[in-house]
Structure formats: C-alpha cells, structure tokens
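# Take a look and give me a structure for this.
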Amino acid sequence: MVVLAIALVFGVLAVVRQGDEIAAALDEIDWLSVLASFAATIVGLLGIYRSWAVIVRDGGVDLSTRQSLRIYGIGQVGKYVPGSVWSVLSQAEMVREHGGSRLRMATASLVALLVSVTVALVLGGLLLPVSGSEAERTFWFAPFAAVALAGLLIPAVLNALVDRVNRFLRRPPNDVRFSGRAIAKAAGWALLANLFFGLQIQALGHELGNTGIDGYLLSTCAYALAAALGVLVVLAPAGAGVREVVLTVVLAPTLSVGAALTVALVSRVVSMAADFALALSQVRRIKASDPGARQPVFVTRRFPPSVGGMETLALSVWRSMLEVRPDAVLIAHGGSNRGLVGWIPRAWFRLAWLVLRGRVEFVLTGDALMYSLVDPLLRLARIRRATMILGLDVTYSQRVYRLLVHSALRRAPQVVAISAATRDAAVTSGVPAARVGVLRLGVEAPAWQPTGRSRARVRVHAELGVTSDAVLLLTLGRLVRRKGSRWFVETVLPGLPGEVHYVVAGDGPERVLIEEAANRSGVADRVHVLGPVNDPLRDDLMAGCDLFVQPNIAVPGDMEGFGLVTIESAMRGTPVVAADLEGLRDAVLPGRTGILLPSEDGAQWIRTLGELVADRDALDSLGESYRLVATDLYSEKAMGAELCRMVGLSTDAAPEAGTEPA
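This is a model prediction of the structure:
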C-alpha cells in the first residue's frame, strides 16, 4: 500500500492544479462513457503487461504468470514519481523476492519500455495524416524518431547496445540475447494495447464530435503520440502535462480546443484509476498469499567495505542486532558517495516492497539523513521506527539540510544518540528530550595475545623506518579541522622529547595543512602522514603505537559524536589521551579507559604526554588496565541488548534468517 500511496500523491499533484477544469469536464461527459473508457484502458494495460512479460522472459527472468503480473502491476505505478525509470527500479527490486536478478529485470524492463514507446511512435506517425495539417506540422519529427528507435530494436544492435551499457556501468555482461521473435511478439501486444487505448479516447470524445472510423483513428493517433512523448520527457510524472498538451493539439482541429482539453483531462483521471486498480488488485493477492514473518530492518548508507567511523559503527550495530534478532534484515551501501545516487532509490523501493508485503516489524536507520528519506514511507505505513544520530546529523549548518533533515528528526518517535553531547545538540535543535536516549556503543573486541602489542610494534617501526627507541603517538581517522591534528603538530609536538614521533593515518581536507604545519614548526622529520591505510596496517597501528591521541578542538557547526576509534585502541592495550570535549567524554572514561585533557590547553598536553612517554613500561601496564575495562564496558552484545531495550524491539526472533546487504 505504501508504494501506491506515495505514487498516488505525485499523481494527484499532476492534476490538482487543473481541478476546476476536470470538474467541468466530468459534467460534459456521461458516466457510461467514462466507464467504457476505463474498461478499454484496463484491457490496454493488460496488453502492455503481456508485451512486458514477453521481453522479461526472453531476458532470462523466470517468473510465473502470477508473479510477473504482481511485479508489473505494482511496479508500474512508480511512473507517477518524477522520472521515467522509477517503475523499472521498483520492478528490479521486487524480482529479488523471487530469486531473480535485478540487473536482468532492469535490462528487460528498459527494453520492454523501448518496444512500447517505439510501437506508439510508429502508430502515431502513420496515423498523423488523419489529424490535420496543424498536428502534422507540430509532430513532424515523430516518424523519424520512430525509425531511429526501431533501428535500436534490431536484435544485433540491441544486444550490442546492452553489452556496451553494461561495460560503461562496470556490470557483468548480459549472457542472455534478446531475440527477434520475442521483440516482434512484444511489439504485437503493444500494438494491440494502443488500439484499445484509442478506444479510451474515442469513448470520452464521441459525444463531443469524435465519432466514426475517422474519429477512432484520430483518437488512436492522439493517444499513441501522447503516451510515447510522455515517457520520453522523464521529469514529468507519468508524462503529466506533456500527455495533455499532445492530446489537445491532435484532437483540437476536430473537437475544438475546449473539448479536446476536456477529453485530455478526463483521460488522465481514467488512466490513473486503471493503473491503481490493477496495482491494488495485486496488493490484495500479496497479503492473502504471502503473509511472511515480521522482521526488524536496519537501513544505513555507510557500511563496510567502505572505511570510516560511521561504517565501523554501522557494522557493530548490525552485528549486535543479529545477536538479539537473527532474523533482522540489512539494507546497506558499502560503496563510495558517488554510488549513493543509484543506491538510495533501490534501497527505498526494497524497503517499500518489504513494507507492502507486511514483513516489517521495526526500522532503524543509521543516521538522520537516511531517516529523513524513509520517514514519509514509514509514517504512511505506520511502521515503528527509530534513528541513530551522529554528531554532524544535528550540527551541520547547511540550510537545505537543516530544513529537510531536522524537520524529520523533530517528528521521529525515537532518537538514539551515540553520546550525551549528541543528545544535547539534538534537544537544542528542537527534538523533544523525552524521545532521545543515549546508547553506550560497542565494538567487536579483537583477538588478544600477550605478545600481540610487541609484535605489532616491531611491524609499525619497520613500516615507518624509525629506530626501536622511537615513541609513537597515533591519531587515526578522517583529517578534518575538529580532530585537532594540525593544532597538535603546531603546539604540542615541538614541546615533546625528540624521540617522540607523531603518526597520522587517514585522509581529508586537513592533510596538506598538517604537512605544512610540520614544516613550519620544524618537526617534519617526526610527523608521518600516511594517508588512507588498509585494515591490517590499521590494526597494527592501533596495537603497535605507544599512545593514541585524539586532540580535538571546538569547531562551530562540527562536533565529535563519539570517537569510536578511541575504544578500538583501548581494546588493543594502547593508552588513550583525548580532549575533554563533546562525544569523547562518553568514549573515554577518565582513569578507566583513558585520560581526558582540556581541549587546546597546550601546556597541559605537553606536561601530561611528557610524563607518560618517560616510562614505556608503565605505559604498557596502563594500556593493559584500560584494555580490560574497555573490553568489558563496550561489548557489541551489550550494545545490542541495550539498543533493543531502548526501542522496544522484541527479542523473540522470527524463524526466517536476515538477508544480505543491498
């Protein structure tokens, strides 16, 4: 129901501005004509479905008739969302429920759309002479466009084009060849469908003067051109506006402008009604035949193999959820930011499909931005939901972001903050305090051996090319101003003994500035800016360096939500020294898992670090005591149990296992 509701909103918006004209039009057309038009449209839709099903089967997607009608009927209402590809994306997501390939379904659906548009343009172009000289002049390009598109449907050309697109998208080659026989059969069904769509227009216009065989040919021409051009204008939901203009231009010489506009507007309503009637008929069958088990769902746009603090946290949350609910479902993006453009709509439709099937018990999103994208869907379906929030979720000051994300966050029934500082920032931004809870985070404890640190230390010293007596301080993470690495290089490192080296692992806008600061401060030979590091080296750095330092500074509009890497380092026996600031106060417990020092107090940092590095044996003993406490307090299992308690998630797991990342 949710996919239909969202699509219906866009469909209604497409005609709401013409509400007065539609009301007047309905007064001019009797209801028997409207019902006859609706019946013809339903038959036409089934013809387009058969055309689509032929191409889908030829494209290697094996579905039963019931399954294919369900996917087509529900997925095709995605055309009411701006952009002509949403129905294709939703069909590609739904086919996963039947073990089909998303890539094959998306390819087949696009080919079926190409067949449908080509047939409509050919038919409309052939019938243009019956429409009068004005329409012929306006749509003179239709026959040429039809010939160009028809050329793409030659099997050799089509299959080569599919392979080229797959290579461009870095997808595996299509091992199924579209055949000329299937394309011809699909074109035949599409032609039959357009003949019935012509009956839709004639039924609406026969009382206004559109009668006889000439009237039918004119109606068929008008609908075919309107449907084809409506698809090609991808920004218009279901061709809204474009279809009405084309229908009016083609019909006006025969019916008059007013009568043609009346037919065009009522045709829009009839087509919408038929689309949603077909879709709703399939919804009822889904609910009756596939009740399924209700499962919790975790949706996150940051997940391994992508690297970063959000990714580490998301993986920990997912593993901890699985500890409590093995049936949980993960919808996650593990790639680059550039890949989010394609992943977000796929994730949205996959979640909508699960909701539609009644499979969702509860949804947790990994951050506020992701929550704002799925909140309308979940609110419409009345699904229980909560979102985690990180530091930047509530402090990022970009105006559009705050308008969209903060407004959704203020309506969220439950917000899970990763630190007290994050909670306070959320409350300040308008989230009711009663809805915000603080979750003590957890990470996976590394395998521990007594000799692990000494071996890691040898490897790190060799990697850096420093002598064994060098004392290594480490900062690891994204290099942004709030991390304080540049301040540390300029203010603290010059005041420490010459054997102290500072290792900076990670990448970001501050990287070059840190290197420049090291040169200005005369400590370039003691600063090692490594850039991004792989997982084995990352583990060696956290276990093999003598101290982990997180010298954060206050930056307006940016804050440290927690500082998960301080916990990871403490769990490896490395003493942690961090700024007494924002979310670090939750991650570092003074005297138990690390040391907190005043932010930007250079004298205090120099004094404390100087005392610590003076005795490396004492450092190892201190790190071991921190390791024991951190491993006990910040376990993933404890985090999962606490998270489920906070959001009221049942620990009675459903019988079906969770699915893999999207």
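# ranges for the strands of the stretch 551-662 of the chain?
Using DSSP state E, counting those that start in this stretch, the strands of the stretch 551-662 of the chain run over residues 576-579, 595-597.
# Turn the ones you listed into TSV, columns for mean pLDDT, distance to L530 and mean neighbour count.
All C-beta atoms are positioned from the backbone trio N, CA, C, and that covers glycine. Converted to TSV, the strands of the stretch 551-662 of the chain look like this (pLDDT from 0 to 100; distance: least, C-beta to C-beta, whole Å; neighbours: other C-beta atoms under 10 Å):
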stretch	mean pLDDT	distance to L530	mean neighbour count
strand 576-579	92	19	26
strand 595-597	92	24	20
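# Turn the ones you listed into CSV, including distance to V613.
Compiled in CSV, these are given as follows (distance: least, C-beta to C-beta, whole Å):
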stretch, distance to V613
strand 576-579, 11
strand 595-597, 13
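# show me what contacts G594?
Applying C-beta atoms under 8 Å, 6 or more residues apart in numbering to G594 gives the contacts 566, 570, 575-578, 588, 626.
# What ranges in the stretch 251-400 of the chain fall below the confidence cut-off?
By pLDDT under 70, the weakly predicted segments of the stretch 251-400 of the chain are 283-293.
# just the strands in it please.
Per DSSP E, counting those that start in this stretch, the stretch 251-400 of the chain carries strands over the ranges 295-300, 329-332, 360-365, 384-389.
# Taking their axis directions, the last one and strand 295-300 sit at what angle?
Looking back up the chat, that one is strand 384-389. Angle, strand 384-389 to strand 295-300, by axes from the mean of the first three to the mean of the last three C-alpha atoms, to 10 degrees: 30 degrees.
# Partner strands of strand 384-389 and their direction?
Here strand 384-389 is paired, per DSSP bridges, with strand 360-365 (parallel), strand 415-417 (parallel).
# As PDB, could you dump the C-alpha coordinates of stretch 543-557?
Taking C-alpha atoms only, stretch 543-557 is exported to PDB below (Å, rounded to 0.1, in the frame of the first residue of the first chain):
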ATOM      1  CA  ALA A 543      48.200  -2.100  18.700                       C
ATOM      2  CA  GLY A 544      51.800  -1.100  18.000                       C
ATOM      3  CA  CYS A 545      51.900   2.600  18.800                       C
ATOM      4  CA  ASP A 546      52.700   3.700  22.300                       C
ATOM      5  CA  LEU A 547      49.900   6.200  22.700                       C
ATOM      6  CA  PHE A 548      46.700   7.000  20.900                       C
ATOM      7  CA  VAL A 549      45.900  10.700  21.000                       C
ATOM      8  CA  GLN A 550      42.700  12.500  19.900                       C
ATOM      9  CA  PRO A 551      43.400  16.200  20.400                       C
ATOM     10  CA  ASN A 552      40.100  17.500  19.200                       C
ATOM     11  CA  ILE A 553      39.300  21.300  19.100                       C
ATOM     12  CA  ALA A 554      35.900  23.000  19.100                       C
ATOM     13  CA  VAL A 555      34.700  23.900  15.600                       C
ATOM     14  CA  PRO A 556      31.300  25.700  15.200                       C
ATOM     15  CA  GLY A 557      28.900  23.600  13.200                       C
END
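# Could you give me the buried positions within that stretch?
Along stretch 543-557, these residues count as buried under the neighbour rule (16 or more other C-beta atoms under 10 Å): 543-553.
# Next step: those restricted to strands.
Residues of the buried residues of stretch 543-557 located in strands (DSSP state E): 547-550.
# Which of these lies at the shortest distance from L123?
Each of those was scored against L123 by C-beta to C-beta, and Q550 proved nearest at 68.0 Å.
# mind checking how far that closest one is from G212?
Using C-beta to C-beta, to the nearest Å, we find Q550 at a distance of 82 Å from G212.
# Let me see the contact set for D617.
Contacts of D617 (C-beta under 8 Å, 6+ apart): none.
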